[in-house]
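# Sequence and predicted model, in that order:
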Amino acid sequence: MSVLLTNIGELVTNDPEHGAGLGVVPRAAVVVEAGRIAWTGPATRAPAADVAVDLGGRCVLPGFVDSHSHTVFAGDRAAEFAARMTGEPYTGGGIATTVAATRAAGEETLRARGQALVREMLGQGTTTVEIKSGYGQDVATEARMLRIARELTPETTFLGAHTVPAEYADDRAGYVELVTGPMLAACAPHARWIDVFCEPAATTAFDEDEARTVLLAGMRAGLLARVHGNQLAPGPGVRLAVEVGAASVDHCTHLSDADVDALAGSWTEGAAGTVATLLPAVEFSTRSPYPDARRLLAAGVPVALATDCNPGSGYSSSMSFVVALAVREMRMSPAEAVWSATAGGAAALRRDDVGDLRVGARADLTVLDAPNHLYLAYRPGVPLVHEVWKDGAQV
Ligand code: NIG
Ligand code: FE
């Protein structure tokens, strides 16, 4: 059965056939068939379909692609957030609180939280989400997190190397051996990606050599690489991500010229390089300086935007909020921010079937109670999502 979505005020396709950037078609229509986009263009030229749906002049976008989240966990850290708002710095030390709660929680508690957050995201227009482990930090709990995540999304990431758990505080090498040995063996079957939190030595995270060891072991096990890098301080994460051919390096709060050059250079030989994924809800929730998006864009680096939804550094599941922050705080244009929240996220996940509305793409779309995409930043905090379609069906 084919469905014609018509009377679309503004259609964002991210399809170069409809122009650079967002590939916007005014007064548009879309034909959906068998869960995929079959046709897009001006409504006046739309082909016939079995069923027609009038969208009342609303704006239609590709569903948001949230390429970075930690949505399987237990407990909360609201008190830690409140302390930060009155001056405490964010160090990542609170991750241990969530590890303790996640280890203690039963499987059903973890599953229920994960399901609720993914439902919350879907209702806000996010049709593809990546979910990481990293709050287990033992073999059984990491594997449990990933099994649950796999029920929720195909984009699952093994982040055993998030922080070093207390029982290994005096044996970091022993923890890296655990992560790259038995933990990887138990987790790889449930994961698509390997990730590591890489920061300069003497932080809660992993230094360059440790992080390289983790990434290479994951890649040998068949996983693709992505990195948490340069969040807390300038450091080796960005360049390590480029060195191993990671699909994305996430946070990028502290960037050197060499980091930006390395990212730009990763895209020069026609191959897919390393996307810079910016997570401004984290800077918002940790009162940190925002990443320099303009510098990345000026250098030609593809930029993605994601929530990083997690109980510590930023507990927002809203891609609309992230778009508004990117525009207000990082000086991205609304068009750049919407591209980064859709096509950019797809690039960061190396997916060519989501993030745009080209013919053949998955029919994942977000209908806004707004005439155009500018409203996402122009009306921050307002729930503008009218309805969401995933795989060609309204959810
Ligand atoms: O992406 N940076 C490391 N990990 C998470 C935060 C996790 C937490 O604080 O619970 C992040 O920001
Ligand atoms: Fe994260």
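Thanks, I have the structure now. Numbers count the residues shown, from 1 in each chain. Ligands and ions are numbered 1, 2, ... in the order given.

# Tell me the spacing between the residue in the chain positioned nearest to ligand 1 and residue 90.
At 2.3 Å from ligand 1, residue 312 is the closest residue in the chain, using CB to the nearest ligand atom. C-beta coordinates here come from the backbone N, C-alpha and C atoms, glycine included. Going from residue 312 to residue 90 by CB to CB, to the nearest Å gives 8 Å.

# More neighbours: those two, which one.
residue 312 (24 against 21; other CB atoms under 10 Å).

# Contact partners for that one?
77, 80, 90, 92, 94-95, 97-98 (CB atoms under 8 Å, 6 or more residues apart in numbering).

# Just among the residues you listed, which is most surrounded?
residue 95 (25 neighbours).

# helix, strand or coil for the closest residue to that one other than its chain neighbours?
Distances taken as CB to CB, 6 or more residues apart in numbering put residue 163 closest to residue 95, at 4.8 Å, once the chain neighbours are dropped. At residue 163, secondary structure determined by DSSP: H, G, I helix; E, B strand; the rest coil is coil.

# Quick check, residue 163 in contact with residue 97.
No. Using CB atoms under 8 Å, residue 163 makes no contact with residue 97, being 11.1 Å away.

# sorry, back to before: quick one, what contacts the residue nearest to residue 95?
Residue 163 makes contact with 92, 95-96, 99, 137, 197, 204-205, according to CB under 8 Å, 6+ apart.

# do the same with residue 73
Per CB under 8 Å, 6+ apart, neighbours of residue 73: 98, 101-102, 110, 113, 135, 145, 310-311.

# Go again with 7 Å.
98, 102, 113, 135, 311 (CB atoms under 7 Å, 6 or more residues apart in numbering).

# For it, give me phi and psi.
Backbone torsions of residue 73, given as degrees, to the nearest 10, read phi -170, psi 170.

# Next: residue 189.
phi -60, psi -20.

# Equivalent analysis for residue 248, please.
Torsion angles, degrees, to the nearest 10, at residue 248: phi -160, psi 150.

# A strand includes residue 38, no?
Yes. Counting by three-state DSSP, one finds residue 38 located in a strand.

# who's in contact with it?
Counting by CB under 7 Å, 6+ apart, residue 38 makes contact with 2, 31-32, 359.

# Just the buried subset of those, please.
2, 31-32 (16 or more other CB atoms under 10 Å).

# and ligand 1, which of these reach it?
For ligand 1, no contacts are drawn from the buried ones among the contacts of residue 38 by CB under 6 Å from any ligand atom.

# can you redo the residues you listed as TSV with distance to residue 394, secondary structure and pLDDT?
Below are these laid out as TSV (distance: CB to CB, whole Å; DSSP: H, G, I helix; E, B strand; the rest coil; pLDDT from 0 to 100):
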residue	distance to residue 394	secondary structure	pLDDT
2	15	strand	97
31	15	strand	98
32	10	strand	98
